[in-house]
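[1] Give me a 3D structure for the following:
(2 chains)
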Protein chains: 2
Amino acid sequence: MKSLLEVVEQCDSFPYEIDASSKLDIHHAVPIYLGSQKIGNVLPDVMKALKEYNHSQNDHKPFEITETLIRFASWVDTVQKRTKVVETLMNTWRADKTFDALSGWRNELYPVYGDSEQADNVAFVMERAATPLFGISTFGVHLNAYTRDKDGNICMWVARRSKTKQTWPGLLDNCVAGGISYTYSVKDTIIKECNEEASIPLDIASKAKSVNVITYYTYTSNGLQPETQYIFDLELPQDFTPTPCDGEVDCFYLWRLDKVRETILNNEWKTNCGLVAIDFMMRHAFITPDEEPNYIDISYRLHRRLEFPTPRKGHHA
Amino acid sequence: MKSLLEVVEQCDSFPYEIDASSKLDIHHAVPIYLGSQKIGNVLPDVMKALKEYNHSQNDHKPFEITETLIRFASWVDTVQKRTKVVETLMNTWRADKTFDALSGWRNELYPVYGDSEQADNVAFVMERAATPLFGISTFGVHLNAYTRDKDGNICMWVARRSKTKQTWPGLLDNCVAGGISYTYSVKDTIIKECNEEASIPLDIASKAKSVNVITYYTYTSNGLQPETQYIFDLELPQDFTPTPCDGEVDCFYLWRLDKVRETILNNEWKTNCGLVAIDFMMRHAFITPDEEPNYIDISYRLHRRLEFPTPRKGHHA
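    The predicted structure is shown next:
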């Protein structure tokens, strides 16, 4: 890539302006509503399959579908019922191998948030691998682990993803990252992932510092992914080395930030993890406004205002 | 205020959705274009005065004005000519006392950026105090100066603005802040302001760390202000005390972050400076996603995507 902004655009790839005259699928997503609140978007291929499925359910159709919107049928009126109809749908598509996205089934439940005015706004829960089919907003944590050399320069711990990992095999990654499953808090998740992905023990992981959130809207072969990543920084002791634990990481490198930037520009990173590292390099004065011509535009795209509900207090927990 | 999000909304007050049926002026701003690029917005009272002024210029009208947009007349086709016609206009309005905003005349020039595709995209320069009348995007620096007590807790240096200062007298402020004038770089500006506003010498000021940029679109009695603030953090030595220098600050306080938050919620801060402190408290794990219900929404509004051109490389410089 020529610039960091292009790397960011590669990840934050959902268009900012919809062009109805475009022939690209991405300009023809249909929104899913819960009441008056948009909670997701469905691409034309999913829309087609959803209509067929709904039609096949005869007089117990779970969805109301028009050309311009999708919503749950009026009888699907509780968290439990919404969860159940989506589970049944996704199990059907998984069994029929309708969508590649579902071959990555994880048996991991993600919350889907609804009306932001409510104290508890979990509208339903669904299998993580299915969320891109509905374009559901998901939430995760990423950790920048770093240390300082004897001149005080920051060196970042960078993970090489396992070559056998289902998604993005062999690419570079942040030291620790993971999705926030239903009933986990943000802090619980970062500590759990520190242990599982890098063998960072609780006494060190608990020093991970909440610094930020980045938000972007990505579009991959799996579907639509509006994502929110809570960012943590952790300065590791110089004598501590993260160690792969759960088989998701091949090895860890300790790199100076110029090497981090070079590998990002060289497309060697899982793209959203590159964004996390770019944000880190901005917050640590390695990328500065006098030197980076797209400093402000990068900031906009690392903090995209997503059009979906956010969790209310304690509702990741 | 009840919440930090409300504080942020009070500053980031330009509507996200324009409601043409509203009777409020803010929903009826008219854009100023330079070529195909929007560079500002004009409220109805300014629009009226601008039409009158333009009409009075007979066969040498500087602007083309329709009901839906304003642009420079075709003869106003260079940086120098644009600068001159805006200067003449603003001097006229200042002499006629047409707008209160111009009573705060500063004799300080701000760049107005145009086509982002050009290597040098300064379209013209104009008096700082006049920028809100045209809703021009402006750029500044803010410094969070802090120290740590013996338990490692962060204490922030907070400024009390002079009671005789023209704008926001007596309110709380960041330790150092200032606008970026034409030909200054970001780093030059922060170092200059450190000296002028808080008597922080070069050897300490040069350690100020570039961390971030915040962007918001505010609407005050002066007009429309889409603002970009480059943020710096500076950990001051425990034995160093900032000292007022140029008469703009009455005194400095060294406060724990709970006091900072309390005074922000109590509306004791100049609003945009409160946003800078909120961003600092997020980046330093004092405000965290598990505890702050509006964490993500606050992040969106601290990084609003403004619809105006940004400076190209080195063009603050």
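[2] Could you list the domains of chain A?
    Per the TED database, the structural domains of chain A span A:4-12+A:138-302, A:30-134.
[3] most neighbours per residue, which of these?
    Comparing the domains of chain A by mean neighbour count (mean count of other Cβ atoms under 10 Å in any protein chain shown), domain A:4-12+A:138-302 ranks first with a mean of 19. C-beta coordinates here come from the backbone N, C-alpha and C atoms, glycine included.
[4] shouldn't residue A:198 be in contact with residue A:244?
    Yes - at 7.3 Å, residue A:198 counts as touching residue A:244 under the criterion of Cβ atoms under 8 Å.
[5] joint contacts of the two?
    Counting by Cβ atoms under 8 Å, 6 or more residues apart in numbering or on different chains, the residues touching both residue A:198 and residue A:244 are residue A:252.
[6] that older thread, looking at the domains of chain A, which is nearest to chain B?
    For chain B, the closest of these is domain A:4-12+A:138-302, at 3.4 Å, according to Cβ to the nearest Cβ.
[7] list the helices and strands the helix or strand where residue A:190 lies packs on?
    Assessed by DSSP states H and E, residue A:190 sits inside helix A:186-198. Applying 3 or more Cβ pairs under 8 Å, 6 or more residues apart in numbering or on different chains; DSSP states H and E, one finds that helix A:186-198 contacts strand A:138-148, strand A:154-161, strand A:176-179, helix A:202-205, strand A:223-235, strand A:249-256.
[8] Output the ones you listed as a markdown table; include the columns distance to residue B:125 and mean pLDDT.
    Compiled in a markdown table, the helices and strands packed on helix A:186-198 are given as follows (distance: least, Cβ to Cβ, whole Å; pLDDT from 0 to 100):
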| stretch | distance to residue B:125 | mean pLDDT |
| --- | --- | --- |
| strand A:138-148 | 40 | 98 |
| strand A:154-161 | 38 | 97 |
| strand A:176-179 | 45 | 95 |
| helix A:202-205 | 51 | 97 |
| strand A:223-235 | 38 | 98 |
| strand A:249-256 | 40 | 96 |
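[9] possible to save those as JSON lines with distance to chain B?
    Rendered in JSON lines, the data for these read as follows (distance: least, Cβ to the nearest Cβ, whole Å):
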{"stretch": "strand A:138-148", "distance to chain B": "9"}
{"stretch": "strand A:154-161", "distance to chain B": "11"}
{"stretch": "strand A:176-179", "distance to chain B": "14"}
{"stretch": "helix A:202-205", "distance to chain B": "14"}
{"stretch": "strand A:223-235", "distance to chain B": "5"}
{"stretch": "strand A:249-256", "distance to chain B": "18"}
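[10] Go through those and name the closest to residue B:221.
    strand A:223-235 (35.9 Å; Cβ to Cβ).
[11] what pairs with that closest one, and is each one parallel or antiparallel?
    Strand pairing for strand A:223-235, determined by DSSP bridges: strand A:138-148 (parallel), strand A:209-220 (antiparallel).
[12] what's the spacing between it and its chain's center?
    The chain centre lies 6 Å from the centre of strand A:223-235; the measure is Cα atoms, centre = their mean, to the nearest Å.
[13] by how many degrees do it and helix A:186-198 diverge?
    Comparing the axes of strand A:223-235 and helix A:186-198 via axes from the mean of the first three to the mean of the last three Cα atoms, to 10 degrees yields an angle of 80 degrees.
[14] Which residues are in contact with the residue of chain A most remote from its centre?
    In chain A, residue A:59 marks the outermost C-alpha relative to the chain mean, sitting 36.1 Å out by Cα atoms, centre = their mean. Contact criterion Cβ under 8 Å, 6+ apart gives no residues in contact with residue A:59.
[15] Taking strand A:223-235 as reference, get the angle to the helix or strand hosting residue A:6.
    Element membership of residue A:6 [criterion: DSSP H and E] is helix A:4-11. Helix A:4-11 runs at 130 degrees relative to strand A:223-235, counting by the same axes, to 10 degrees.
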